[in-house]
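Colleague: here is my input; please provide its structure:
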Amino acid sequence: MQRKAYVPGVAALLAAVLAGCTGGSGDGATADDSNPGQSGVATEAAEPGKYRTLPEPCGAVDDKSLGALLPGLEEIADEEQRDKAYAGEPTLAYDTDRKVGCRWKVESADATNHLFVDFERVVSYDTAVSDDSEAEELFAEQVEAADLPEPVASDSASDSASDSASDSASDSGPPSGAPSSEETSGGPESDTPGGTPSSSASGPASSSADPSSSPSASATPADLQPRLLDDLGDEAFVDDALSSSGSTAKRRTVTVAFRTSNVMVTIEYAEQSAMLGVVPDSEEMQDMARNLASRLADSLSG
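Modeller: Numbers count the residues shown, from 1 in each chain. Have a look, this model is predicted:
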(Lines give C-alpha, C1' and ligand atoms only; values in the text may rest on other atoms or scores of the structure.)
Protein backbone atom coordinates (compact mmCIF):
# COMPACT_ATOMS: atom_id res chain seq x y z
CA MET A 1 0.00 0.00 0.00
CA GLN A 2 1.44 3.35 -1.06
CA ARG A 3 1.79 5.99 1.67
CA LYS A 4 0.99 9.66 1.04
CA ALA A 5 3.96 11.91 0.80
CA TYR A 6 4.64 14.18 3.80
CA VAL A 7 4.40 17.85 2.81
CA PRO A 8 6.73 20.11 4.83
CA GLY A 9 4.60 23.22 4.14
CA VAL A 10 1.57 21.75 5.88
CA ALA A 11 3.65 20.90 8.93
CA ALA A 12 4.89 24.47 9.13
CA LEU A 13 1.33 25.82 8.95
CA LEU A 14 0.21 23.56 11.78
CA ALA A 15 3.08 24.71 13.92
CA ALA A 16 2.22 28.36 13.35
CA VAL A 17 -1.43 27.77 14.35
CA LEU A 18 -0.40 25.98 17.53
CA ALA A 19 2.01 28.76 18.41
CA GLY A 20 -0.74 31.35 17.96
CA CYS A 21 -3.06 29.51 20.34
CA THR A 22 -0.49 29.38 23.12
CA GLY A 23 1.47 32.54 22.41
CA GLY A 24 1.34 35.71 24.56
CA SER A 25 0.83 33.84 27.80
CA GLY A 26 4.31 34.57 28.90
CA ASP A 27 4.28 38.34 28.42
CA GLY A 28 1.59 39.12 31.06
CA ALA A 29 -1.20 39.88 28.54
CA THR A 30 -4.76 39.04 29.55
CA ALA A 31 -6.87 36.60 27.64
CA ASP A 32 -10.10 38.65 27.66
CA ASP A 33 -11.22 40.78 24.73
CA SER A 34 -12.38 43.93 26.59
CA ASN A 35 -12.22 47.17 24.67
CA PRO A 36 -9.16 49.22 25.62
CA GLY A 37 -11.20 52.43 25.34
CA GLN A 38 -13.55 51.45 28.20
CA SER A 39 -12.59 51.64 31.84
CA GLY A 40 -14.84 48.74 32.76
CA VAL A 41 -16.36 50.73 35.69
CA ALA A 42 -19.94 52.07 35.30
CA THR A 43 -20.51 55.76 36.11
CA GLU A 44 -22.37 56.13 39.40
CA ALA A 45 -25.76 57.85 39.02
CA ALA A 46 -26.42 61.05 41.01
CA GLU A 47 -28.36 60.64 44.24
CA PRO A 48 -32.15 61.05 43.86
CA GLY A 49 -34.02 63.75 45.75
CA LYS A 50 -35.49 63.28 49.20
CA TYR A 51 -39.11 63.63 48.07
CA ARG A 52 -40.89 61.25 45.69
CA THR A 53 -44.44 62.65 46.09
CA LEU A 54 -46.20 65.92 46.93
CA PRO A 55 -48.89 66.73 49.52
CA GLU A 56 -52.49 67.34 48.53
CA PRO A 57 -52.32 71.16 48.15
CA CYS A 58 -55.81 72.17 49.28
CA GLY A 59 -55.43 70.03 52.39
CA ALA A 60 -51.93 71.30 53.17
CA VAL A 61 -53.24 74.47 54.87
CA ASP A 62 -55.23 73.77 58.04
CA ASP A 63 -58.52 75.53 58.80
CA LYS A 64 -57.03 77.57 61.64
CA SER A 65 -54.42 79.07 59.32
CA LEU A 66 -57.03 79.74 56.65
CA GLY A 67 -59.23 81.52 59.18
CA ALA A 68 -56.37 83.83 60.13
CA LEU A 69 -55.23 84.52 56.56
CA LEU A 70 -58.76 84.89 55.16
CA PRO A 71 -60.82 86.63 57.86
CA GLY A 72 -63.90 86.78 55.63
CA LEU A 73 -64.36 83.02 55.90
CA GLU A 74 -66.25 83.24 59.18
CA GLU A 75 -68.46 85.99 57.78
CA ILE A 76 -69.98 83.61 55.21
CA ALA A 77 -73.42 82.82 56.59
CA ASP A 78 -74.28 79.90 54.35
CA GLU A 79 -72.60 76.78 55.76
CA GLU A 80 -72.28 75.07 52.38
CA GLN A 81 -70.67 78.14 50.83
CA ARG A 82 -68.36 78.49 53.84
CA ASP A 83 -67.22 74.88 53.55
CA LYS A 84 -66.58 75.38 49.84
CA ALA A 85 -64.51 78.48 50.58
CA TYR A 86 -62.44 76.58 53.13
CA ALA A 87 -61.87 73.74 50.65
CA GLY A 88 -60.19 75.98 48.09
CA GLU A 89 -59.87 75.38 44.37
CA PRO A 90 -57.05 73.13 43.09
CA THR A 91 -55.09 74.34 40.08
CA LEU A 92 -54.97 72.29 36.92
CA ALA A 93 -52.32 69.56 37.29
CA TYR A 94 -51.17 67.04 34.70
CA ASP A 95 -48.85 65.17 37.07
CA THR A 96 -49.72 65.43 40.75
CA ASP A 97 -46.37 63.94 41.72
CA ARG A 98 -44.55 66.83 40.04
CA LYS A 99 -46.56 70.06 40.46
CA VAL A 100 -49.75 70.92 42.37
CA GLY A 101 -51.41 74.05 43.75
CA CYS A 102 -54.51 75.48 45.39
CA ARG A 103 -56.24 78.89 45.47
CA TRP A 104 -58.55 80.60 47.94
CA LYS A 105 -60.42 83.90 47.53
CA VAL A 106 -62.62 85.41 50.23
CA GLU A 107 -64.32 88.79 50.47
CA SER A 108 -65.09 90.50 53.75
CA ALA A 109 -66.50 93.86 54.77
CA ASP A 110 -63.00 95.35 54.98
CA ALA A 111 -61.01 93.65 52.22
CA THR A 112 -60.67 90.89 49.66
CA ASN A 113 -58.01 88.30 50.41
CA HIS A 114 -56.33 85.84 48.06
CA LEU A 115 -54.12 82.89 48.95
CA PHE A 116 -52.22 80.66 46.53
CA VAL A 117 -49.97 77.74 47.50
CA ASP A 118 -47.85 75.90 44.94
CA PHE A 119 -45.68 72.78 45.33
CA GLU A 120 -43.17 71.63 42.72
CA ARG A 121 -41.04 68.48 42.93
CA VAL A 122 -37.92 68.74 40.80
CA VAL A 123 -36.55 65.67 39.03
CA SER A 124 -33.28 65.72 37.10
CA TYR A 125 -33.21 63.80 33.86
CA ASP A 126 -29.42 63.98 33.75
CA THR A 127 -27.95 60.99 35.58
CA ALA A 128 -24.87 63.06 36.46
CA VAL A 129 -26.95 65.83 38.13
CA SER A 130 -28.84 65.18 41.36
CA ASP A 131 -32.43 66.25 41.92
CA ASP A 132 -31.27 68.62 44.67
CA SER A 133 -28.74 70.31 42.37
CA GLU A 134 -31.38 70.74 39.67
CA ALA A 135 -33.80 72.24 42.23
CA GLU A 136 -31.09 74.57 43.51
CA GLU A 137 -30.48 75.88 40.00
CA LEU A 138 -34.20 76.40 39.34
CA PHE A 139 -34.66 78.21 42.65
CA ALA A 140 -31.75 80.51 41.80
CA GLU A 141 -33.61 81.45 38.60
CA GLN A 142 -36.71 82.17 40.69
CA VAL A 143 -34.72 84.46 42.99
CA GLU A 144 -33.25 86.27 40.00
CA ALA A 145 -36.71 86.74 38.48
CA ALA A 146 -37.93 88.27 41.77
CA ASP A 147 -35.30 91.03 41.29
CA LEU A 148 -34.79 91.56 45.01
CA PRO A 149 -33.23 94.93 45.96
CA GLU A 150 -29.80 95.18 47.47
CA PRO A 151 -29.86 94.95 51.28
CA VAL A 152 -29.92 98.37 52.94
CA ALA A 153 -28.20 99.37 56.16
CA SER A 154 -30.41 99.43 59.22
CA ASP A 155 -31.28 102.73 60.91
CA SER A 156 -29.23 101.77 63.97
CA ALA A 157 -26.13 101.24 61.83
CA SER A 158 -26.66 104.58 60.07
CA ASP A 159 -27.17 106.36 63.41
CA SER A 160 -24.02 104.77 64.80
CA ALA A 161 -21.97 105.89 61.81
CA SER A 162 -23.43 109.41 62.07
CA ASP A 163 -22.67 109.60 65.80
CA SER A 164 -19.09 108.47 65.21
CA ALA A 165 -18.60 111.13 62.55
CA SER A 166 -20.08 113.81 64.83
CA ASP A 167 -17.86 112.79 67.76
CA SER A 168 -14.81 112.86 65.55
CA ALA A 169 -15.67 116.33 64.26
CA SER A 170 -16.34 117.72 67.76
CA ASP A 171 -13.10 116.28 69.14
CA SER A 172 -11.01 117.85 66.42
CA GLY A 173 -12.64 121.30 66.89
CA PRO A 174 -12.32 124.21 64.45
CA PRO A 175 -9.06 124.74 62.58
CA SER A 176 -6.48 126.88 64.32
CA GLY A 177 -7.01 130.57 63.58
CA ALA A 178 -10.45 130.01 62.05
CA PRO A 179 -13.06 132.63 62.98
CA SER A 180 -15.85 131.61 65.35
CA SER A 181 -19.48 131.42 64.29
CA GLU A 182 -20.22 134.68 66.08
CA GLU A 183 -17.39 136.43 64.26
CA THR A 184 -18.59 135.31 60.88
CA SER A 185 -22.29 135.98 61.52
CA GLY A 186 -21.93 139.20 63.46
CA GLY A 187 -23.06 137.62 66.77
CA PRO A 188 -26.07 135.52 67.77
CA GLU A 189 -29.38 135.99 66.04
CA SER A 190 -31.14 138.80 67.87
CA ASP A 191 -34.62 138.31 66.42
CA THR A 192 -35.06 134.72 67.58
CA PRO A 193 -34.99 133.49 71.18
CA GLY A 194 -31.92 131.60 72.29
CA GLY A 195 -30.03 132.39 69.12
CA THR A 196 -32.16 130.03 67.01
CA PRO A 197 -31.88 130.85 63.31
CA SER A 198 -35.00 132.31 61.73
CA SER A 199 -37.17 130.37 59.32
CA SER A 200 -35.82 132.38 56.40
CA ALA A 201 -32.34 131.11 57.15
CA SER A 202 -33.27 127.51 57.81
CA GLY A 203 -35.78 126.99 55.00
CA PRO A 204 -39.50 126.15 55.22
CA ALA A 205 -40.86 125.21 58.61
CA SER A 206 -41.05 121.47 59.22
CA SER A 207 -44.73 121.68 60.08
CA SER A 208 -45.56 122.79 56.56
CA ALA A 209 -43.58 120.02 54.86
CA ASP A 210 -45.35 116.97 53.48
CA PRO A 211 -44.21 113.93 55.54
CA SER A 212 -44.74 111.61 52.61
CA SER A 213 -42.16 113.56 50.61
CA SER A 214 -39.45 112.77 53.14
CA PRO A 215 -37.22 109.84 52.11
CA SER A 216 -37.25 108.47 55.65
CA ALA A 217 -41.04 108.66 55.79
CA SER A 218 -41.61 106.94 52.45
CA ALA A 219 -38.84 104.34 52.69
CA THR A 220 -39.71 100.80 53.69
CA PRO A 221 -37.91 99.63 56.85
CA ALA A 222 -34.97 97.38 56.11
CA ASP A 223 -36.54 94.40 57.87
CA LEU A 224 -39.61 94.58 55.61
CA GLN A 225 -37.79 94.98 52.30
CA PRO A 226 -37.97 92.08 49.81
CA ARG A 227 -35.02 89.96 50.86
CA LEU A 228 -33.45 86.52 51.21
CA LEU A 229 -34.41 84.52 54.31
CA ASP A 230 -32.01 82.34 56.26
CA ASP A 231 -34.45 80.63 58.64
CA LEU A 232 -36.66 78.73 56.21
CA GLY A 233 -35.87 75.51 54.36
CA ASP A 234 -32.55 75.19 52.55
CA GLU A 235 -33.00 78.65 51.00
CA ALA A 236 -35.85 81.14 50.80
CA PHE A 237 -36.89 84.70 50.04
CA VAL A 238 -39.80 87.09 50.65
CA ASP A 239 -41.12 89.63 48.17
CA ASP A 240 -43.55 92.46 48.90
CA ALA A 241 -45.31 94.51 46.21
CA LEU A 242 -47.90 97.27 46.57
CA SER A 243 -49.94 98.14 43.50
CA SER A 244 -52.94 100.20 42.49
CA SER A 245 -54.67 101.23 39.30
CA GLY A 246 -55.92 104.78 39.06
CA SER A 247 -58.28 105.52 41.93
CA THR A 248 -58.75 101.90 43.00
CA ALA A 249 -57.81 100.71 46.46
CA LYS A 250 -54.29 99.51 47.17
CA ARG A 251 -53.47 95.84 46.76
CA ARG A 252 -50.50 94.30 48.51
CA THR A 253 -49.05 90.94 47.46
CA VAL A 254 -46.56 89.14 49.68
CA THR A 255 -44.71 86.18 48.17
CA VAL A 256 -42.74 83.70 50.25
CA ALA A 257 -40.84 81.00 48.36
CA PHE A 258 -38.53 78.34 49.74
CA ARG A 259 -36.75 75.16 48.74
CA THR A 260 -36.19 72.07 50.81
CA SER A 261 -34.21 69.35 49.07
CA ASN A 262 -35.86 68.81 45.67
CA VAL A 263 -39.22 70.46 46.48
CA MET A 264 -39.92 74.15 45.89
CA VAL A 265 -42.88 75.85 47.61
CA THR A 266 -44.37 79.22 46.69
CA ILE A 267 -46.96 81.12 48.76
CA GLU A 268 -48.71 84.21 47.41
CA TYR A 269 -50.82 86.13 49.90
CA ALA A 270 -52.68 89.21 48.65
CA GLU A 271 -55.06 91.72 50.21
CA GLN A 272 -56.99 94.56 48.61
CA SER A 273 -58.73 97.00 50.92
CA ALA A 274 -62.40 97.72 50.38
CA MET A 275 -61.83 101.41 51.16
CA LEU A 276 -59.77 104.01 49.34
CA GLY A 277 -56.76 105.31 51.22
CA VAL A 278 -56.37 102.18 53.36
CA VAL A 279 -53.09 100.35 52.70
CA PRO A 280 -52.76 96.69 53.75
CA ASP A 281 -50.17 96.32 56.48
CA SER A 282 -46.84 94.97 55.18
CA GLU A 283 -45.49 93.66 58.47
CA GLU A 284 -48.67 91.80 59.38
CA MET A 285 -49.00 90.18 55.97
CA GLN A 286 -45.34 89.14 55.85
CA ASP A 287 -45.56 87.60 59.31
CA MET A 288 -48.64 85.59 58.39
CA ALA A 289 -47.19 84.37 55.08
CA ARG A 290 -43.87 83.42 56.70
CA ASN A 291 -45.65 81.56 59.52
CA LEU A 292 -47.59 79.55 56.96
CA ALA A 293 -44.39 78.82 55.03
CA SER A 294 -42.72 77.60 58.21
CA ARG A 295 -45.60 75.21 58.95
CA LEU A 296 -45.52 73.85 55.41
CA ALA A 297 -41.75 73.32 55.65
CA ASP A 298 -42.22 71.44 58.93
CA SER A 299 -44.93 69.24 57.40
CA LEU A 300 -42.64 68.33 54.50
CA SER A 301 -39.80 67.45 56.85
CA GLY A 302 -42.10 65.30 58.94
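Colleague: Phe119 touches Cys58, doesn't it?
Modeller: No - taking contacts as Cβ atoms under 8 Å, Phe119 lies outside contact range of Cys58: 11.2 Å. For every residue, glycine as well, the C-beta is placed using N, CA and C.
Colleague: what do those two both touch?
Modeller: The contact sets of Phe119 and Cys58 do not overlap (Cβ atoms under 8 Å, 6 or more residues apart in numbering).
Colleague: more neighbours, these two?
Modeller: Phe119 (23 against 18; other Cβ atoms under 10 Å).
Colleague: helix/strand/coil for that one?
Modeller: What DSSP: H, G, I helix; E, B strand; the rest coil gives for Phe119 is strand.
Colleague: tell me the contacts of the closest residue to it other than its chain neighbours?
Modeller: Among residues not flanking Phe119 along the chain, Leu54 sits closest, at 4.7 Å (Cβ to Cβ, 6 or more residues apart in numbering). With contact set as Cβ under 8 Å, 6+ apart, Leu54 has these partners: Thr96, Asp97, Arg98, Lys99, Val100, Phe119, Arg121, Val263.
Colleague: so which of those is the most crowded?
Modeller: Top of these by neighbour count (other Cβ under 10 Å): Val263, with 25 neighbours.
Colleague: what sits against it?
Modeller: Contacts here follow Cβ under 8 Å, 6+ apart; on that basis Val263 touches Gly49, Lys50, Tyr51, Leu54, Phe119, Glu120, Arg121, Val122, Ala135, Leu300.
Colleague: go again with 6 Å.
Modeller: Residues near Val263 by Cβ atoms under 6 Å, 6 or more residues apart in numbering: Tyr51, Arg121.
Colleague: if it is in a bridge, with which residues?
Modeller: Val263 forms beta bridges with Arg121, Thr260, as assigned by DSSP bridges.
Colleague: look up how far Glu47 lies from it.
Modeller: Val263 sits 15 Å away from Glu47, going by Cβ to Cβ, to the nearest Å.
Colleague: now do the strands in the stretch 151-300 of the chain.
Modeller: Using DSSP state E, counting those that start in this stretch, the strands of the stretch 151-300 of the chain run over residues 227-229, 235-243, 251-260, 263-273.
Colleague: show me what counts as buried in stretch 127-146.
Modeller: For stretch 127-146, a neighbour-count test (16 or more other Cβ atoms under 10 Å) marks Ser130, Asp131, Asp132, Ser133, Glu134, Ala135, Glu136, Phe139, Val143, Ala146 as buried.
Colleague: nearest residue to Glu75 other than its sequence neighbours?
Modeller: Using Cβ to Cβ, 6+ apart and skipping the chain neighbours, the partner closest in space to Glu75 is Ser108 (5.4 Å).
Colleague: quick check: longest helix of the protein.
Modeller: Criterion DSSP state H: the longest helix present in the chain is helix 282-301.
Colleague: what packs against that one?
Modeller: Secondary-structure packing of helix 282-301 (3 or more Cβ pairs under 6 Å, 6 or more residues apart in numbering; DSSP states H and E): strand 251-260, strand 263-273.
Colleague: next, the angle strand 263-273 makes with the first one.
Modeller: Which is strand 251-260. Compare the direction of strand 251-260 with that of strand 263-273 by axes from the mean of the first three to the mean of the last three Cα atoms, to 10 degrees and you get 170 degrees.
Colleague: let's verify the residue nearest to Phe119: helix, strand, or coil?
Modeller: coil.
Colleague: look up how far Asn262 lies from it.
Modeller: Distance of Leu54 to Asn262, given as Cβ to Cβ: 11 Å.
Colleague: which residue packs closest to Ala61, ignoring adjacent ones?
Modeller: Just to correct that, residue 61 is Val rather than Ala. Closest residue to Val61 apart from its sequence neighbours, by Cβ to Cβ, 6+ apart: Val117 at 6.2 Å.
Colleague: for that neighbour, report the pLDDT, please.
Modeller: The model reports Val117 with a pLDDT of 98.
Colleague: repeat that for the one 4 residues further on.
Modeller: Arg121 is assigned a pLDDT of 97 by the prediction.
Colleague: do the same with Ala109
Modeller: On pLDDT, Ala109 comes in at 88.
Colleague: also the one 3 residues further on?
Modeller: We have a pLDDT of 94 for Thr112.
Colleague: what's near enough to touch it?
Modeller: Here Thr112 is in contact with Gln272 (Cβ under 6 Å, 6+ apart).
Colleague: pretty sure it is in a strand, no?
Modeller: Yes - looking at Thr112 with three-state DSSP, it is inside a strand.
Colleague: give the contact list for Cys102.
Modeller: Pro57, Cys58, Gly88, Pro90, Val117.
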